[in-house]
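> Have a look at this fold, sequence not included:
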């Protein structure tokens with residue numbers, strides 16, 4: 001099977017999850033570049049968000065060649081883990097913003113951007129779960 005036929009057979013669910021993984025790659029680069037100034041000083045390791053965002057790209061590359069019926073579910077789980085990591089790390093910046101103090105540091109706007117971006121990725125993969133991954137309906141699992 002050549003690449004043209006491989007991608008011709010992919011359904012809307014596959015393309016939604018693939019789009020989410022491409023956006024995830026771009027967002028992971030943004031996170032690696034900005035987490036030291038965007039996140040509060042107390043959280044320490046913001047790179048873990050970027051690492052979690054890179055994992056769905058690997059999953060999506062694997063399901064391109066080995067189709068699985070509910071491949072979008074893996075993306076939902078990984079993006080959910082990234083969302084949990086973001087929420088865990090932005091709490092101090094949100095508290096500082098609403099209490100009008102600058103105690104913990106961080107950038108409230110970037111923290112909200114992180115949250116909204118990961119929520120969009122989660123929503124894209126959840127939507128992708130409701131559509132077919134392959135047009136012909138042939139799956140390994």
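Alright, I've got the coordinates. Computed from a predicted structure; not experimentally measured. Residues are numbered from 1 along each chain as shown.

> so the spatially most central residue of the chain is in which element?
With distances taken as CA atoms, centre = their mean, residue 79 lies nearest the centre of the chain, 4.2 Å away. Per DSSP states H and E: residue 79 is located in helix 72-98.

> same for the helix or strand just after that helix, what does it pack against?
Toward the C-terminal end, the helix or strand that comes next after helix 72-98 (DSSP H and E) is helix 108-129. Counting contacts by 3 or more CB pairs under 8 Å, 6 or more residues apart in numbering; DSSP states H and E, helix 108-129 packs against helix 12-38, helix 47-65, helix 72-98. Backbone N, C-alpha and C define where each C-beta goes, glycine included.

> buried residues in helix 108-129?
Within helix 108-129, the residues scored as buried using 16 or more other CB atoms under 10 Å are 108, 110-111, 113-114, 117-118, 121-122, 124-129.

> I would like the residues contacting it, please.
With CB atoms under 8 Å, 6 or more residues apart in numbering as the test, helix 108-129 has contacts from 12-17, 19-20, 23-24, 27, 31, 34, 37-39, 49, 53, 56, 70, 72-73, 75-76, 79-80, 82-83, 86-87, 90, 93-94, 96-97.
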